[in-house]
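*Asks:* sequence and computational prediction follow.
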Amino acid sequence: MSETQEIAQMAHLMRRAGFGASRDELERLVEQGYEETVEQLVDPPADIPRADLHLLFRYMPSLETGGPVTVPGAANWLYHLVNTQRPLEEKMALFWHGIFAVGNSKVDNDNHLIAMVDMFRDHGTANYRDLLIMLAQSPAMIYWLDNHENHKRSPNENWGRELLELFSMGVGNYTEKDVFECARAFTGWTLGPKIPRVPNHRFFFQFEFRPEEHDFGEKEFLGRTGNFDGLDIIDIILEEDACPRFIARHLYTFFVADEPQVPAWDIEPPKDPEAIDYLAGVLKDSNYEIKPVLRALFNSNFFKEATFQKVKSPVETVVSTLRLTEDMFGPQPALIELGQESAHMGQSLHNPPSVEGWSTGPNWINSGAVVGRINFVADRVSNTELPGVQKICQRVAAANGTSMTPDEMVDHCLDQFGPLDVSEATRMELIEHASEDGDISWSEDYDGSSERVGEMLALIAATTEYQFG
């Protein structure tokens, strides 16, 4: 494999397992090796720190706690996303946030959403069974799906239905009777009383099991009969072949290639059934440990060959741009506003639109969102005052000595801005635009040449190809 191919492959890995990487980072990682990089992403050494929250809360203490709105919590998470040195942890938190979707629009206490994202960050690459148990005991999820209203004498099926339909198995793998029996098993899993409110604060609910509200009667669930409680239900679900396949398809959709939306999965077969079978087998064989399946996924040929087959989500677009341009490293007042940028593009952190999460893939680039995406990226990559853009300009300048033709500039910009593959028609349109001002002379006008590179990066950000990652 050539050096160019190695750089492209590493860039693909870092886009999917993280939020992109600069050329300097890519070259360092290529020297380290692909498999070693995968291992470092999946199981980062303890000495690789997370984002410095002490620094954030020292300068922006309002971001430490939530409230009735998601603005502080979204800014808090964006700070993690941009500054993390453990990108897969944050990517997996985003993955689970989209599957185990809970919105502050109903919870009305963003402290619980912050706590849920912390849970995904801490346990998102650990064990799926443990994650389901923590989810069932999460105050945010209990309130979101009304399990605090699930009583022995009047079961509420919301949590039981979504546990089966959206969180573990998928439509077509259970009956309405199973939903009802599942709900019975989780009666009494409820919320403890909150401390009374004080001005400007909302306190946490706590998980509480109330035996007097629990149905201890015999239940029949997925063909088994017994005096099941919630833990038994989760263990029975994990025995079903549908469960690892369901999670495997979610992992494939998130990391490999866009699939139809989840409600269509019972009628739309996977694009790559063999890949789903492989990932499901690894997940089941590992007793639902997540790290082994992530290793298998990132080292697979089907992953390595799936370049530019996923539309970047708004969060991926915002975070990858900020990291590439080296904008917003550290607490700054603009962090509050930047935390809402993905919401303007259709993905509001801490506030998915429903329990089904977001509609992904091509839905991210609808007519109402695509202009905002392009403008956000173009405004930053054309700003030659930003350190990351300056580094790109320096690399482009060093590629051909003191001068270069328009087509050389376009090719170098595409290379440094990805590397990004575009169609020949797109490339010729970019060259036509670059040719309007003739050749570039770095020795005669470095600043002007840098401005032209920034302008070209902005044009590249507007291409169809750039919307894919």
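*Replies:* All right, it came through fine.
*Asks:* use CA for all of it now, contacts and neighbours both
*Replies:* Noted.
*Asks:* dihedrals phi and psi, residue 244?
*Replies:* The phi and psi values for residue 244, taken as degrees, to the nearest 10, are phi -60, psi -30.
*Asks:* what is the neighbour count of residue 334?
*Replies:* 10 (other CA atoms under 10 Å).
*Asks:* got a list of what it touches?
*Replies:* Each residue near residue 334 by CA atoms under 8 Å, 6 or more residues apart in numbering is listed here: residue 328.
*Asks:* for residue 254, same thing?
*Replies:* residue 95.
*Asks:* wait, is it part of a strand?
*Replies:* No. Counting by DSSP: H, G, I helix; E, B strand; the rest coil, residue 254 falls outside a strand, being helix.
*Asks:* for residue 316, see how far away it is.
*Replies:* From residue 254 over to residue 316 the distance is 12 Å, taken as CA to CA, to the nearest Å.
*Asks:* swap in residue 250?
*Replies:* For residue 250, the distance to residue 316 - CA to CA - is 17 Å.
*Asks:* check residue 276 and give its pLDDT.
*Replies:* In the predicted model, residue 276 carries a pLDDT score of 98.
*Asks:* quick one, phi/psi of it?
*Replies:* phi -60, psi -40.
*Asks:* that one contacts residue 245, correct?
*Replies:* Yes. Counting by CA atoms under 8 Å, residue 276 does reach residue 245; the two are 6.4 Å apart.
*Asks:* counting by contacts, list what the worst-scoring helix or strand of the chain on mean pLDDT packs against.
*Replies:* When the helices and strands of the chain are scored by mean pLDDT, DSSP states H and E, helix 53-59 comes last with a mean of 89. Where contact means 3 or more CA pairs under 8 Å, 6 or more residues apart in numbering; DSSP states H and E, helix 53-59 is not packed against any helix or strand.
*Asks:* send me it as CSV with only the CA atoms.
*Replies:* Extracted in CSV, the C-alpha atoms of helix 53-59 (Å, rounded to 0.1, in the frame of the first residue of the first chain):
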residue,chain,number,x,y,z
LEU,A,53,-13.5,19.9,32.9
HIS,A,54,-11.8,21.7,35.8
LEU,A,55,-10.7,24.3,33.3
LEU,A,56,-14.1,24.5,31.6
PHE,A,57,-16.0,24.9,34.9
ARG,A,58,-13.5,27.4,36.2
TYR,A,59,-14.2,29.8,33.4
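*Asks:* which SSE is immediately downstream of it?
*Replies:* As assigned by DSSP states H and E, the chain's next helix or strand after helix 53-59 is helix 71-83.
*Asks:* now do the helix or strand just after that next one: distance to the chain's middle.
*Replies:* Following helix 71-83 in sequence order, the next helix or strand is helix 87-99 (DSSP H and E). With CA atoms, centre = their mean, to the nearest Å as the basis, helix 87-99 stands 4 Å off its chain's centre.
*Asks:* tell me which residues are up against whichever helix or strand comes after helix 87-99.
*Replies:* Proceeding N to C from helix 87-99, the next assigned helix or strand is helix 104-107, under DSSP H and E. With contact meaning CA under 8 Å, 6+ apart, helix 104-107 is reached by 68-70, 110, 113, 140, 143-144, 350-351.
*Asks:* so which of those is the most crowded?
*Replies:* residue 140 (30 neighbours).
*Asks:* contacting residues for that residue?
*Replies:* Per CA under 8 Å, 6+ apart, neighbours of residue 140: 102, 107, 112-113, 116.
*Asks:* from the contacts of helix 104-107, which is closest to residue 419?
*Replies:* residue 350 (32.0 Å; CA to CA).
*Asks:* do you know how far the residue positioned nearest the centre of the chain is from residue 361?
*Replies:* With distances taken as CA atoms, centre = their mean, the residue of the chain nearest its centroid is residue 94 (3.3 Å). Remark: distance between residue 94 and residue 361 (CA to CA) = 15 Å.
*Asks:* care to break this structure down by domain?
*Replies:* With domains defined by automatic domain parsing, the chain comprises 3-42, 127-304, 382-467.
*Asks:* closest to residue 328 out of these?
*Replies:* The minimum distance between residue 328 and the domains of the chain falls on domain 382-467, with 10.0 Å, by CA to CA.
*Asks:* gap between the two ends of the closest one?
*Replies:* End-to-end for domain 382-467, by CA to CA: 17 Å.
*Asks:* averaged pLDDT, it. What do you get?
*Replies:* Domain 382-467 comes out at a mean pLDDT of 94.
*Asks:* check which residues of stretch 295-308 are buried.
*Replies:* 295-299, 302-303, 307-308 (16 or more other CA atoms under 10 Å).
*Asks:* same question, stretch 38-48
*Replies:* Here stretch 38-48 shows 38-39, 41-42, 44 as buried, counting by 16+ other CA under 10 Å.
*Asks:* what do you get for stretch 143-154?
*Replies:* Buried residues in stretch 143-154 (16+ other CA under 10 Å): 143-145, 147-152.
*Asks:* just send the contacts of residue 140 back as a markdown table, with distance to residue 123 too.
*Replies:* Shown next, in a markdown table, are these (distance: CA to CA, whole Å):
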| residue | distance to residue 123 |
| --- | --- |
| 102 | 17 |
| 107 | 22 |
| 112 | 16 |
| 113 | 15 |
| 116 | 10 |
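*Asks:* ok, so of those residues, who is nearest residue 240?
*Replies:* residue 102 (25.3 Å).
*Asks:* ok, now how distant is that closest one from residue 394?
*Replies:* 44 Å.
*Asks:* between those two, tell me which one has more neighbours.
*Replies:* Taking neighbours as other CA under 10 Å, residue 102 and residue 394 compare with residue 102 leading, 27 against 14.
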